[in-house]
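# okay, structure incoming, though there's no sequence with it:
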């Protein structure tokens, strides 16, 4: 009865617009009170999170991403993409996909990608012969790509939550970064194949390769090009720990922006404030949610949930299908960070009992939430794109549908072919 009443209260509060962290915190405190447990446990959870070395990476990577989004880095990356691959069949589509994925990986926010890159990408697609509807659909969908690539903040957050649960999970954060590479490549490849087919159907013109423009674009982007190298070498090369890689990345971006004069001290303070407000919200949600998780564990909710699912779902394949349907709906109505910290503690123990590897689960989880960003009727990116491009929400529904179907195909392959997520770590 407590759980059903709590669920109703959370849903009502969400509809009423109450901040999600306040709802979760109130639910946690009420739960501990009803169970006769000292509510100070929530404060202990906040302290435990603050003492987690992995947590240091969140604000540093977030600040680096915000600094990139507020500077001319976006324009330089788009220019480089056009010069490098724009002359190939489907090249402009590939440029949009690759630049968006890279940008989202660093910012950790797909809405930021749409807002920051939309004004640059829409004319590029129009000049290449894409219809406005195809262009809007591609940009809206591309905004969520990159969530499975390092140094994606949602990927880091999933790792923190999974490891904090103390379930004996055999996983490192580095494994999650490796696990996301092949699934992201699959999604990019399928989307590129579709955009190339659209290009052939529309008989789109292709610009000629211009070596001088490529050289000029490479030189203009000389400060951005080392960033992926720093991140990949730090994480996969073993040169730095994750938090150290985040510090080096952030320091590099900060120094470049200051030394080149792209961001002055006032702009830097404003961007830093925006980034830290975002991080503070994530940490508040995380602390409250982990306290709430303890309430659920003490009330034996995961055990009851597993018993119910076991009684009705007799195969791993069926469990994964139902999980996908649940997560797609969840991703359409709930912020990605809230979804991770609320649902992973419930789903992970059940998935382990069905033999699902925690890395594979993490990739499935984020791939679903990535699609949920543009799942009708309330996917967040649909509304961001509608506002950004001054188009009706129904136009965005129709524009994103073909691309959504392509990504649902990729999701099916990612879900039922675990080797895609695990072959680099086994």
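Thanks, I have it. Everything numeric here is computed off the predicted structure, so don't read it as measured data.
# going forward, measure contacts and count neighbours with C-alpha atoms only.
OK.
# residues contacting residue 369?
Residue 369 sits next to 327-328, 330-332, 336 when contact means Cα atoms under 8 Å, 6 or more residues apart in numbering.
# most neighbours, which of those?
residue 331 (27 neighbours; other Cα atoms under 10 Å).
# show me the contacts for that one.
339, 368-373, 375, 379.
# please identify the helix or strand for it.
helix 316-333 (DSSP states H and E).
# and that helix, what's buried?
319-320, 323-324, 327-333 (16 or more other Cα atoms under 10 Å).
# I figured residue 81 hits residue 93, correct?
No. Counting by Cα atoms under 8 Å, residue 81 stays clear of residue 93, with 10.0 Å between them.
# could you list the low-pLDDT ranges of the stretch 51-200 of the chain?
Residue ranges of the stretch 51-200 of the chain with pLDDT under 70: 51-54, 108-112.
# return the set of buried residues in the helix or strand harbouring residue 234.
Residue 234 is part of helix 226-236, with elements assigned from DSSP H and E. For helix 226-236, burial by neighbour count (16+ other Cα under 10 Å) applies to 227, 230-232, 234-235.
# out of the contacts of residue 331, which sit inside helices?
339, 368-372 (DSSP state H).
# of the buried residues of helix 316-333, which pair is most distant in space?
Farthest pair in the buried residues of helix 316-333 (Cα to Cα) is 319 and 333. Separation: 21.5 Å.
# and the longest helix for the protein?
The longest helix of the chain (DSSP H) is helix 265-298.
# packing partners for it?
helix 20-35, helix 40-50, helix 57-69, helix 336-353 (3 or more Cα pairs under 8 Å, 6 or more residues apart in numbering; DSSP states H and E).
# what do you get if the cut-off is 6 Å, keeping everything else the same?
helix 20-35, helix 40-50, helix 336-353 (3 or more Cα pairs under 6 Å, 6 or more residues apart in numbering; DSSP states H and E).
# quick one: work out the angle between it and helix 57-69.
140 degrees (axes from the mean of the first three to the mean of the last three Cα atoms, to 10 degrees).
# where's helix 265-298 relative to the chain centroid, distance-wise?
Mean-position distance between helix 265-298 and its chain equals 16 Å (Cα atoms, centre = their mean, to the nearest Å).
# now do that helix against helix 20-35, angle only.
Compare the direction of helix 265-298 with that of helix 20-35 by the same axes, to 10 degrees and you get 30 degrees.
# now the angle from helix 265-298 to helix 336-353?
Using the same axes, to 10 degrees: helix 265-298 against helix 336-353 is 40 degrees.
# ok, back up a step: quick one: which of the contacts of residue 369 is nearest residue 240?
Among the contacts of residue 369, residue 336 lies closest to residue 240 (Cα to Cα), at 27.8 Å.
# how near is the closest one to residue 370?
8 Å (Cα to Cα, to the nearest Å).
# also residue 275?
Residue 275 is 21 Å from residue 370, by Cα to Cα.
# of these two, which one has the most company?
residue 370 (28 against 21).
# returning to what we had before: ok, of the helices and strands packed on helix 265-298, where does mean pLDDT dip lowest?
Looking over the helices and strands packed on helix 265-298, mean pLDDT reaches its minimum on helix 40-50, with a mean of 67.
# helix/strand/coil for residue 139?
Secondary structure state of residue 139, per DSSP: H, G, I helix; E, B strand; the rest coil, is helix.
# for residue 75, phi and psi?
With angles defined as degrees, to the nearest 10, residue 75 sits at phi -60, psi -40.
# same check on residue 130?
phi -70, psi 140.
# now it: how far from residue 118?
With Cα to Cα as the criterion, residue 130 and residue 118 are 15 Å apart.
# and residue 360, by the same measure?
In terms of Cα to Cα, residue 360 sits 32 Å off from residue 118.
# do the same with residue 288
Distance from residue 288 to residue 118, by Cα to Cα: 35 Å.
# and what of residue 352?
For residue 352, the distance to residue 118 - Cα to Cα - is 40 Å.
# compare the two and say which is more crowded by neighbours.
A count of neighbours by other Cα under 10 Å puts residue 118 above the other of residue 352 and residue 118, at 22 against 14.
# what's around the closest residue to the more buried one other than its chain neighbours, how many residues?
Using Cα to Cα, 6 or more residues apart in numbering and skipping residues adjacent in sequence, the residue nearest residue 118 is residue 139, 6.9 Å away. Using other Cα under 10 Å, residue 139 has 25 other residues around it.
# now the one 5 residues further on
Applying other Cα under 10 Å, we find 30 other residues in the vicinity of residue 144.
# swap in residue 315?
Neighbour count of residue 315, defined by other Cα under 10 Å: 10.
# give me the nearest residue to it, chain neighbours excluded.
Closest residue in space to residue 315, ignoring its immediate chain neighbours: residue 354 at 7.8 Å, by Cα to Cα, 6+ apart.
# measure that neighbour to residue 316 for me?
To residue 316, residue 354 is 6 Å away according to Cα to Cα.
# can you get me a residue count around residue 384?
Residue 384 has 19 nearby residues by other Cα under 10 Å.
# where are the low-confidence patches of the stretch 201-350 of the chain?
For the stretch 201-350 of the chain (pLDDT under 70), the answer is 201-207, 289-303, 305-306.
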